[in-house]
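>>> sequence unknown, structure follows:
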């Protein structure tokens, strides 16, 4: 897998004519995600046949998974769908797969057995499995011993909460994609006051864009204080 390049942003808004940017060129490599990126760059040389990527909501796991999907040709599934179909039906012609929300199988006997059989089918056919989750595997509370042992052999890497530098870059790119002109003082005002997640950045920029269009004003610090002031923003 060619190395991921430092880019400008993560996922972009879906509405108002915008699309989700899931390409390698759109992914910014930063300290919070560089370990996960390095692991994905090693594929297909994963000696264990799989990998677990975990981290909080909004940290960029799904974006990373989609980047890897484009390179590996993997089928993308949610863990909740595993119990409804047999592995060959889920995989089709694919040999690699991404299972999102993998922690959700813990404590569900049907899903645990389904993931166990899916894991075995992938390995028997020389495929690769990428699991994404909010938390590390040791906290999934998997009751099926055979599945627990399968998961335990997989390398596990975390994606951290985006730091200020990454959030700044994401805000700048999101604003640029909406042709929303903002100065560095606007970014400096927003970053220390907002939630550290890509989802929060998308929601905030979308909201500011709509407010600016409705008022016919530029996005400035005074504009931010007026727009967000009644929600505790100072």
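Nice, thanks for sending it over. Just so it is clear, the model here is predicted, and its values are computed rather than measured.
>>> can we go C-alpha only for contacts and neighbour counts from here?
Noted.
>>> in this protein, which spans are strands?
All strands of the chain, identified by DSSP state E, fall at 50-54, 75-78, 96-100, 128-133, 156-158.
>>> list the pairing partners of the longest one within its sheet, with orientation.
Partner strands and pairing direction for strand 128-133 (DSSP bridges) are strand 50-54 (parallel), strand 96-100 (parallel).
>>> which segments of the protein make up each domain?
33-158, 164-231 (automatic domain parsing).
>>> off-centre distance for the shortest one?
Between the mean C-alpha location of domain 164-231 and the chain-wide mean there is a distance of 21 Å, by CA atoms, centre = their mean, to the nearest Å.
>>> one more: the longest one?
From the chain centre to the centre of domain 33-158 is a distance of 14 Å (CA atoms, centre = their mean).
>>> my read is that residue 49 contacts residue 129, right?
Yes. Using CA atoms under 8 Å, residue 49 makes contact with residue 129 at a distance of 6.5 Å.
>>> rewinding a little: so which of the strands of the chain is the most packed in?
strand 50-54 (a mean of 26; mean count of other CA atoms under 10 Å).
>>> circling back: including mean pLDDT, could the strands of the chain go into JSON lines?
Listed next are the strands of the chain as JSON lines, based on pLDDT from 0 to 100:
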{"stretch": "strand 50-54", "mean pLDDT": "97"}
{"stretch": "strand 75-78", "mean pLDDT": "96"}
{"stretch": "strand 96-100", "mean pLDDT": "97"}
{"stretch": "strand 128-133", "mean pLDDT": "97"}
{"stretch": "strand 156-158", "mean pLDDT": "96"}
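>>> make CSV from those and add distance to residue 32 to it.
Below are the strands of the chain laid out as CSV (distance: least, CA to CA, whole Å):
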stretch, distance to residue 32
strand 50-54, 12
strand 75-78, 24
strand 96-100, 20
strand 128-133, 16
strand 156-158, 8
